[in-house]
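Asker: build me a structure from this.
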Amino acid sequence: MFLRNITIQHDRIASYNVYPFSIPFVKRTDELKIEAPITFFVGENGSGKSTLLEGIADKCEFNTAGGSRNNVYDLHASESSLGDYLRLSWLPKATKGFFFRAESFFHFASYLDSHPEALNAYGGKSLHHQSHGESFFSLFANRFGQKGIYLLDEPEAALSPQRQLSFLRILHDLTKKGQCQFIIATHSPILLGFPNAAIFHFGEESIKKVEYEETNAYAVTRSFLQHRKTMLEELLRDDEEESQE
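Answerer: Next comes the predicted model:
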């Protein structure tokens, strides 16, 4: 465990009417205590989980476009506007780690191709010369492992269900020695099932800690698998059919 507490410095925010301060959780959250080596952020699109993750990455001095402290490349709108308003409490402070974001992974892979000497830390093969899912998994399997904090934004985006299960094994192996901490924003009911992980839900109010079975990812997936035919019939009904009832 490294990162212990995240505090939003409300006294420095001039207005909650502009982004990202207009996101509900920012105004209604004072601090977030991190008590598990693996912490998940969940919530609907736009709820702010990625914004907070990027703010943490900024405070860790990681490239907010994706990467570590040593990966320097430019990407439009990659600077966090929330990081300057966060205070992080450490015990001890982690100076190494990585910020993974699925949406800008292509640019990170291109950066590595321009620095071939760095590819050895990622399996020795260009990430562009692998399938999308293979390149994600190559990063997770080869780059993660040093003592540090790892911030992941939707790591399941290109992973098959089987690969997601394999990724759970990576998380288990890396955290069992107590040298790695993960904070992960995800929609995956598979990843969220990791034993003893902390799950924080970003809703219309403040952030709250929830159990696995309380997450929308679990509830919607479970309902679909149990009532697939009924749900699809209701979802795909024509408007004309509905108006006749």
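
Asker: now do the SS call for residue 108.
Answerer: Three-state assignment for residue 108 (DSSP: H, G, I helix; E, B strand; the rest coil): helix.

Asker: that one against residue 67, yeah?
Answerer: Yes: using Cβ atoms under 8 Å, residue 108 is in contact with residue 67, at 5.7 Å. Where you see a C-beta, it was placed from the backbone N, CA and C, and this is true even at glycine.

Asker: so who does the nearest residue to residue 179 once chain neighbours are set aside touch?
Answerer: Spatial nearest neighbour of residue 179, excluding adjacent residues (Cβ to Cβ, 6 or more residues apart in numbering): residue 147 at 4.2 Å. When contacts are counted by Cβ atoms under 8 Å, 6 or more residues apart in numbering, residue 147 touches 94, 96, 179, 180.

Asker: go on, residue 164?
Answerer: Per Cβ under 8 Å, 6+ apart, neighbours of residue 164: 156, 188, 190, 191.

Asker: report pLDDT for the residue nearest to residue 179.
Answerer: As predicted, residue 147 sits at a pLDDT of 89.

Asker: which of the contacts of residue 147 count as buried?
Answerer: 94, 96, 180 (16 or more other Cβ atoms under 10 Å).

Asker: which helix or strand contains the first one?
Answerer: It stands for residue 94. If you go by DSSP states H and E, residue 94 is not part of any helix or strand.

Asker: ok, the residue nearest to it when sequence neighbours are not counted to residue 82 distance?
Answerer: In this structure, residue 94 finds its nearest non-sequential neighbour in residue 2, 3.9 Å apart by Cβ to Cβ, 6+ apart. Residue 2 sits 20 Å away from residue 82, going by Cβ to Cβ, to the nearest Å.
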